[in-house]
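Participant: got a predicted model here, sequence first, then my questions.
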Amino acid sequence: MSHNDVRRKRTRGQVMLLVTVALIPMLGLVGLVSDIGYMQYIQKSAHTAADAAARSAAARFNSTIGGSNFTCADYPWICKVDPWTCPADLTSAANPIETACLYAKQNGFYTNNANQNVTIVSNVTATPPTAPGVNTAGWWITVRVAQRVPQLFSAALGNSTGLVAARSTAAVTPATACVYVLDPTGSAAYYQNGSTTFSSACGIYVDSNSPTAMQNSGNAIVQASEYQIVGGIDWHGTITPNPTTGVAPFPDPLRNLPVPSPCSTTGGCDSADCSAHPNQTVINSDVTLSPGTYCGGIKVKNATVTFSPGRYVIVGGGLSTQDSNSHVRGSNVFFYNSYNSTKSYGTFNFNANSDVQLTAPTSGTYTGILAFQDRNCCTAGSVTESFQGGATSFYEGTIYYPKSNVQFKGNPSLDIAHYTIIVSWQLAIQGSSYMNNDYSYLVGGNPIKQVGLIE
């Protein structure tokens, strides 16, 4: 064998040795890339599971828990200050926290898998630790899902497992609207007449799918932060900014607000004690009324009535004023307008020239709720309620009349009422009005909430 042949064999042997040596880290790198790709896939799945779990919990909370003030003492599950692990054997959800666990499970993450973990932290603090830019949360939940993934090729490099984790936070936060018109089909569900001006610091939502869901006559002016309208508009005056039309229908935002005891959730208030005020209370001279049940309603004539702070259940007859000589005062008051088997439902009818100044409670179950209509009072749209008044009148609180057509004229000066919210079947603006959205005076803020992912 020649010298050249020997050298060529040696060279080939060296190349094979180098290739063999190089293949080891190359295969390790290929394995590492494969493992990283698989872990990225698992991480996307983890994010999906965490998002779905957090969002579903917040949605259930908002759809089942009424009011605006939530405390850890209200519900035993509401605050999970320390990380809480989802039970491995959970099959049904008794509360929103457990709903989050089931949604994580449906998306492939559950704690009866030794390689997986689902933990939850929740609270009623305004600022969730994971979203420091949010400072208006009513309730929030953070869901963390984790999975330890066995490594395949890269295990040769000493990495037997890899940890994948994802986190998502959802919160119940104040809504951005203060006018909600619920009629799903009516023309002119929101209506503004003549040369009226309505200025709102918050949004106007109209659920009607009619091409003329929002309509005016004359040169009416309306200005709000936003408009969300299922149908269309027919507006000949000034409307700013441009409305958003064709949006998805929305539900009654206060549909879960609880009915006050002793009235029935199915309608009426036959269990109420009418003995203290069995018949209509007529106010002919200045008087201060105490909280309680008033059967047959309250009529304010040429006098001033002052409602002491508290809860007033009106069983039949409603609440009305006579004219400019009628004066109504009340701070931290809540009215529930109902009926019973002998006294028919009566409307709230504040004369356009009367003087009405009312503010809602600032804490408790009915925080921010001024007037609450029995949801079973009547056929939707069959009655009209009038929340009007003279130059000094205002309604600070939520006017919740989901079955009534509401006529509104109030808050003539921006510095009087800190906020006003209207939820009605239809709404007609009868005079120049303003609405603020300063909820800083309320425990829990705006009584109407919305749900969203914040992290």
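Facilitator: Received it, and whenever you're ready, just let me know what you need.
Participant: got any ranges where this structure has weak pLDDT?
Facilitator: Low-confidence segments of the chain (pLDDT under 70): 1-38, 66-69, 151-160, 412-415.
Participant: how is it carved up into domains?
Facilitator: 11-173, 252-453 (automatic domain parsing).
Participant: which residues outside stretch 54-68 are in contact with it?
Facilitator: Applying C-beta atoms under 8 Å, 6 or more residues apart in numbering, the contact partners of stretch 54-68 are 75, 93, 95-97, 99-100, 103, 122, 138-143, 168-172, 254, 256-258, 365-368, 442-453. Every residue, glycine included, has its C-beta placed from N, CA and C.
Participant: let me fix that: stretch 117-128
Facilitator: 53, 57, 70-72, 78-86, 97, 100-101, 104-105, 109-111, 134-147, 169, 171, 454-455.
Participant: now do the end-to-end distance for that stretch.
Facilitator: Terminal residues of stretch 117-128 are spaced 21 Å apart (C-alpha to C-alpha, to the nearest Å).
Participant: next, count neighbours for Thr197.
Facilitator: 17 (other C-beta atoms under 10 Å).
Participant: so Asn279 touches Gly296, yeah?
Facilitator: Yes. Between Asn279 and Gly296 there is a contact at 4.6 Å, judged by C-beta atoms under 8 Å.
Participant: who has more neighbours, those two?
Facilitator: Gly296 (21 against 13).
Participant: just give the nearest non-adjacent residue to the more buried one, would you?
Facilitator: Using C-beta to C-beta, 6 or more residues apart in numbering and skipping the chain neighbours, the partner closest in space to Gly296 is Gln280 (3.8 Å).
Participant: quick check: the one you found touching Gly317?
Facilitator: Yes. Taking contacts as C-beta under 8 Å, Gln280 lies within contact range of Gly317: 5.3 Å.
Participant: pick out whichever of the two has more residues nearby.
Facilitator: Set side by side, Gln280 and Gly317 show more neighbours around Gly317, with 22 against 17, by other C-beta under 10 Å.
Participant: how about the more buried one: what's its closest non-neighbour residue?
Facilitator: Per C-beta to C-beta, 6+ apart, closest to Gly317 is Gly297, 2.0 Å.
Participant: show me where the protein has helices.
Facilitator: 3-64, 96-106 (DSSP state H).
Participant: enumerate every residue touching Ala360.
Facilitator: 332-334, 366-370, 396-398.
Participant: one more pass at 10 Å, please.
Facilitator: 330-335, 366-371, 395-399, 419-421, 441-442, 447 (C-beta atoms under 10 Å, 6 or more residues apart in numbering).
Participant: strands of the stretch 101-250 of the chain, residue ranges please.
Facilitator: Ranges of strands within the stretch 101-250 of the chain are 116-123, 139-150, 161-174, 177-181, 190-192, 197-200, 203-206, 214-216, 221-223, 227-229, 233-234, 238-240, 244-245, based on DSSP state E, counting those that start in this stretch.
Participant: can you count the residues close to the closest residue to Tyr401 other than its chain neighbours?
Facilitator: In this structure, Tyr401 finds its nearest non-sequential neighbour in Gln373, 4.4 Å apart by C-beta to C-beta, 6+ apart. Residue neighbour count, defined by other C-beta under 10 Å, stands at 26 for Gln373.
Participant: list the contacts for Gln373?
Facilitator: Per C-beta under 10 Å, 6+ apart, neighbours of Gln373: 335-338, 345, 347-348, 383, 385, 399-404, 406, 423-425.
Participant: give me the buried entries from the contacts of stretch 54-68.
Facilitator: In those, burial by neighbour count holds for 93, 95-97, 99-100, 103, 122, 138-143, 168-172, 254, 257, 365-368, 442, 444-451, counting by 16 or more other C-beta atoms under 10 Å.
Participant: contact partners for the residue nearest to Gly296?
Facilitator: 294-299, 316-318, 320, 343, 346.
Participant: equivalent analysis for Val443, please.
Facilitator: Contacts of Val443 by C-beta under 10 Å, 6+ apart are 68-71, 361-364, 367-368.
Participant: most neighbours, which of these?
Facilitator: Gly368 leads these on contacts (other C-beta under 10 Å) with 28 neighbours.
Participant: that older thread, quickly note the distance from the residue nearest to Gly296 to Ile298.
Facilitator: 7 Å (C-beta to C-beta, to the nearest Å).
Participant: which neighbours do the two share?
Facilitator: Contacts common to Gln280 and Ile298, judged by C-beta under 10 Å, 6+ apart, are 317-318, 320, 346.
Participant: let's have these in JSON lines, adding distance to Cys202.
Facilitator: Rendered in JSON lines, the data for the shared contacts of Gln280 and Ile298 read as follows (distance: C-beta to C-beta, whole Å):
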{"residue": "Gly317", "distance to Cys202": "33"}
{"residue": "Gly318", "distance to Cys202": "28"}
{"residue": "Ser320", "distance to Cys202": "29"}
{"residue": "Gly346", "distance to Cys202": "30"}
